[in-house]
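[1] sequence below, structure please.
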Amino acid sequence: MRLGDIQAERTLLYFFAPWCRICKLSIGNLNELNADESLAVVAVALSYQSPAEIMEFVGDQALDVPVLLGTSHTLAEYKIEMFPTYYVLDVNKRVISKSVGYSTELGMKLRSWSD
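    Coordinates of the predicted model:
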């Protein structure tokens, strides 16, 4: 899966690191958001040692959303300075909002639909 493959009105990109404690607390909130067909939810792993580390993290969190493996290029391109970071993209994949830190499911949903 690639970002360009996503066909949704909005896309929530959740950038996380497997060592991030806040990410462990908030990433499960993505599962419920994934039920909304007009919002694509994608987790992007960054700052990891190996794909196996990500697979273990995702399994431990029972994550039901697609997970992409980001690179140092991804980190620089999206200017990620802290984890977790959320980007909301419109249908044309333009960034319409950005947020950092813990968020509840409701908080993520509100960020995804505010302009």
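[2] secondary structure class for Met55?
    Classification of Met55 by DSSP: H, G, I helix; E, B strand; the rest coil places it in helix.
[3] state the distance from it to Pro18.
    10 Å (Cβ to Cβ, to the nearest Å). C-betas here are computed from N, CA, C, even on glycine.
[4] could you do Gln7 as well?
    Distance, Gln7 to Pro18, by Cβ to Cβ: 29 Å.
[5] who has more neighbours, these two?
    Pro18 (22 against 8; other Cβ atoms under 10 Å).
[6] quick check on that one: phi, psi?
    For Pro18, the backbone dihedrals are phi -70, psi -20 (criterion: degrees, to the nearest 10).
[7] right, and it touches Ala43 too?
    No. Counting by Cβ atoms under 8 Å, Pro18 does not reach Ala43; the two are 10.9 Å apart.
[8] quick one: the strands in the protein?
    Ranges of strands within the chain are 10-16, 39-45, 67-69, 85-89, 95-100, based on DSSP state E.
[9] around Leu106, how many other residues sit close by?
    So Leu106, with other Cβ under 10 Å, has 11 neighbours.
[10] point out where the protein drops to low pLDDT.
    Applying pLDDT under 70 to the chain flags residues 1, 35-36, 113-115.
[11] find the residue at the geometric middle of it.
    Tyr14 (1.5 Å; Cα atoms, centre = their mean).
[12] what's across from the closest residue to it other than its chain neighbours in the sheet?
    Nearest residue to Tyr14, sequence neighbours excluded (Cβ to Cβ, 6 or more residues apart in numbering): Ala43, at 4.7 Å. Ala43 forms beta bridges with Tyr14, Val67, as assigned by DSSP bridges.
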